[in-house]
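Participant: output the structure for:
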Amino acid sequence: ALVELLELLGLTGRGGGHFPVATKWRAVLAAGGGGTVVANAAEGEPASAKDATLIAAVPHLVLDELVLAAHTLGALDVVVWLHEGAHSARASLVRALDDRRAAGMADPPVRLESGPDHYLTGESSAVVAGLEGRDVLPRFTRVPAAARGVAGRPTLVANVETLARVGLAAHTGPDAFPTTSLLTISAGGRRRVVEASPDDRLGELVTQVAAPAGRRGFAAVLLGGYGGRWLDWSVARDLAVEESAARAAGASLGAGVVVALPLGTCGIAEAARLMRYLAASSAGQCGPCVFGLRDVAEMVTEIVDGHAGRGAARQVRRWAEQITGRGACHHPDGALDMLASAFEVFADDLDRHLRGRPCPASARTEVCDVPPG
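Facilitator: Purely as a prediction, here's the structure:
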């Protein structure tokens, strides 16, 4: 009945891919059950705070659905997966689990496991590898974890917000289920997690978070995370907060990360900084990441510094064509898609840099919450 409800609601995963939840759950059931369910709280995006906020504010909602998922799918192993540095989230979960035991709730044992503080730690095949005691890295596999995951058994790896929304569906039913989205918005030096309805406009939410620092206006937003796409402010300002609207604009809500770029900031310099971070965050297992992303990041940095020739952008695009779709995971694809959108949205900045006229230091304000490259 729960799976049928999820299908009726058309609920999609909120970890970035927006894959239909009911389809994923049916795949686990078709594989025979008896496996593992994982609440994936390892937020890879440094600019995201959704999972941490949910675990701090409503840990029992997350745990309710984790337990319900285990019962529904016949799982024998129940896990919450965290980054090693997520000390506050771990403490909140420990308190909640103690409360549930004290209340005599008939929950199955729930394990708290963690992987390194790395961008790819939350990738589903890396989660499976970590739970099997291997290096926490994406795996070369074409078989989804739902069919064969931890120890070869069916495994559901579900984002924390996804589980919380399944929990809401179980509590409310179809009539009162909220059709909202959680967004982490970084704007004007502030970062907040907001719950937005499809009637909300992205520009209004960004302005509210940034105020009063946002009075000078914005040039663009990065929508969907570091593997997302840049949108010009003229497009993003009136965008409805729903996945279909984002896709119509050539983007995706992805993991629900929104970063607003102020006017006067160089978008190419910001994209280059992201590329350096993403290249350094690769799993280091295959050529597209080890060499491809590194070379692209170095070339874009040369463009920003005004040291590249006029043909540098064409060279970057050629490399992107050669790299895309050839990695063990989708990490290089997302990074290159972000860069391609930056070349489109910040075409004037790109042209200026290609002419050997680097932007002033004041234009290189760091707005994406990543360690310096």
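
Participant: tell me which other helices or strands the helix or strand residue 271 falls within touches.
Facilitator: For residue 271, the host element (DSSP states H and E) is helix 267-280. Counting by 3 or more C-beta pairs under 8 Å, 6 or more residues apart in numbering; DSSP states H and E, the packing neighbours recorded for helix 267-280 are helix 294-304, helix 331-345, helix 347-354. Any C-beta I mention is one placed from the backbone N, CA and C, and that applies to glycine too.

Participant: buried ones in that helix?
Facilitator: Neighbour-count burial for helix 267-280 flags 267-279 (criterion: 16 or more other C-beta atoms under 10 Å).

Participant: and the angle from that helix to helix 347-354?
Facilitator: 80 degrees (axes from the mean of the first three to the mean of the last three C-alpha atoms, to 10 degrees).

Participant: from the buried residues of helix 267-280, pick the one nearest residue 186.
Facilitator: residue 270 (11.8 Å; C-beta to C-beta).

Participant: give me the distance between the closest one and residue 297.
Facilitator: Taking C-beta to C-beta, to the nearest Å as the measure, residue 270 falls 13 Å from residue 297.

Participant: if we can go back for a sec, figure out which of the helices and strands packed on helix 267-280 is closest to residue 180.
Facilitator: Closest approach to residue 180 among the helices and strands packed on helix 267-280 (C-beta to C-beta): helix 331-345, 24.8 Å.

Participant: export the buried residues of helix 267-280 to JSON lines and tack on distance to residue 313 and pLDDT?
Facilitator: Below are those laid out as JSON lines (distance: C-beta to C-beta, whole Å; pLDDT from 0 to 100):
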{"residue": "267", "distance to residue 313": "14", "pLDDT": "94"}
{"residue": "268", "distance to residue 313": "10", "pLDDT": "94"}
{"residue": "269", "distance to residue 313": "15", "pLDDT": "93"}
{"residue": "270", "distance to residue 313": "16", "pLDDT": "93"}
{"residue": "271", "distance to residue 313": "12", "pLDDT": "95"}
{"residue": "272", "distance to residue 313": "12", "pLDDT": "94"}
{"residue": "273", "distance to residue 313": "17", "pLDDT": "93"}
{"residue": "274", "distance to residue 313": "17", "pLDDT": "94"}
{"residue": "275", "distance to residue 313": "13", "pLDDT": "92"}
{"residue": "276", "distance to residue 313": "17", "pLDDT": "93"}
{"residue": "277", "distance to residue 313": "20", "pLDDT": "92"}
{"residue": "278", "distance to residue 313": "18", "pLDDT": "91"}
{"residue": "279", "distance to residue 313": "18", "pLDDT": "90"}
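
Participant: having no further points to raise, I will conclude here.
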